[in-house]
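Student: Sequence and predicted structure are below.
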Amino acid sequence: MRDTAVAHSRHSREREGGRVAKRSGGWRLPGSVQDRQSITAEWRYVEEERIEGVELFEMKSVITHNGHLTEIYRADWKLDEAGVEQVFQRVLEPAGLSAWHVHEFTRDRLFVASGALRIVLYDARPDSTTFGRINEFRIGSVRPALLTIPPKVWHGVENLSCERALLLNLVDRAYRYEKPDHYRLPADSDQIPYRFRGAGSIDAPPRAATGVPLGSR
């Protein structure tokens, strides 16, 4: 029975593949998938619904006579009502992965000063309008941006570049040495429906299995 079912499934796929090839004049091979729109004509990202409280603010670098200058944060941008109590940097080696993290009270503001990072967010707040949603961002020095992550939203970062990446965090609450506002899960936790593609991990080795979240590009 199992062999019959497998053969039937294979024949069904072959028939569908034949129909696809016939409709396209033969050039489109079975299993091929058309790209969907990911960016507008104005070069703005086409995104899935953003997690409640998450903000992405893009800025432009200014070319000077001896290099370029990039503003990272200004209070008059009014991105949120909180201030900045501490700024620290994190260096990720090529293919480095740091996941998963969450804070109960602290708001993160992430800025990639060098290299390129994949930053993935997961909303585990039961009272949120976007509960259960995944957001994935690719941010780097070639297109600078400040990503604001509200408390209780899980996040992980992965270095996409072949060089060290430098990540700045401008938090609204300074690190409490005696009682850190910091909780962790391993990168391959079943509690979060996402799998990073990278193999290297600073905090915990991810599984060999990989996945693509809803709305990834």
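Tutor: Structure received. Numbers count the residues shown, from 1 in each chain.
Student: Let me see the confidence value for residue 41.
Tutor: With respect to pLDDT, residue 41 scores 86.
Student: and it, how far is that from residue 35?
Tutor: Per Cβ to Cβ, to the nearest Å, residue 41 is found 16 Å from residue 35. In short, each C-beta sits where N, CA and C put it, glycine included.
Student: how about the strands of this protein, start to end?
Tutor: Read by DSSP state E, the chain holds these strands, from start to end of the chain: 55-58, 62-64, 67-69, 86-92, 97-102, 108-114, 116-123, 134-140, 145-149, 153-159, 165-171, 183-184.
Student: domain assignment for the protein?
Tutor: In the domain annotation for the chain, the residue ranges read 1-34, 35-217 (automatic domain parsing).
Student: which of the ones you listed sits most buried?
Tutor: Stretch with highest mean neighbour count among the domains of the chain: domain 35-217 (a mean of 15; mean count of other Cβ atoms under 10 Å).
Student: With adjacent residues omitted, what lies nearest to residue 106?
Tutor: Of all residues beyond its chain neighbours, the one nearest residue 106 is residue 173 (4.5 Å), with distances taken as Cβ to Cβ, 6 or more residues apart in numbering.
Student: wait, what's in contact with the one you found?
Tutor: By Cβ atoms under 8 Å, 6 or more residues apart in numbering, the contact list for residue 173 reads 85-86, 105-107, 181.
Student: Let me know the average pLDDT across stretch 195-206.
Tutor: Per-residue pLDDT over stretch 195-206 has a mean of 54.
Student: Actually, stretch 46-54.
Tutor: Taken as a whole, stretch 46-54 has a mean pLDDT of 87.
Student: Start and end of that stretch, how far apart?
Tutor: Using Cα to Cα, to the nearest Å, the end-to-end distance of stretch 46-54 comes to 16 Å.
Student: about what we covered before: from residue 82, how far off is the residue nearest to residue 106?
Tutor: Residue 173 sits 8 Å away from residue 82 when distances are taken as Cβ to Cβ.
Student: before we move on, the earlier item: for the contacts of residue 173, give me a markdown table that also has pLDDT.
Tutor: A markdown table is the format used below for the contacts of residue 173 (pLDDT from 0 to 100):
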| residue | pLDDT |
| --- | --- |
| 85 | 96 |
| 86 | 98 |
| 105 | 97 |
| 106 | 98 |
| 107 | 97 |
| 181 | 98 |
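Student: Show me the two of those residues that sit farthest apart.
Tutor: Largest separation among the contacts of residue 173 by Cβ to Cβ: 86 and 105, giving 13.4 Å.
Student: now the strands of the chain as a markdown table including distance to residue 177?
Tutor: Below are the strands of the chain laid out as a markdown table (distance: least, Cβ to Cβ, whole Å):
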| stretch | distance to residue 177 |
| --- | --- |
| strand 55-58 | 28 |
| strand 62-64 | 37 |
| strand 67-69 | 34 |
| strand 86-92 | 12 |
| strand 97-102 | 17 |
| strand 108-114 | 18 |
| strand 116-123 | 26 |
| strand 134-140 | 29 |
| strand 145-149 | 22 |
| strand 153-159 | 22 |
| strand 165-171 | 14 |
| strand 183-184 | 16 |
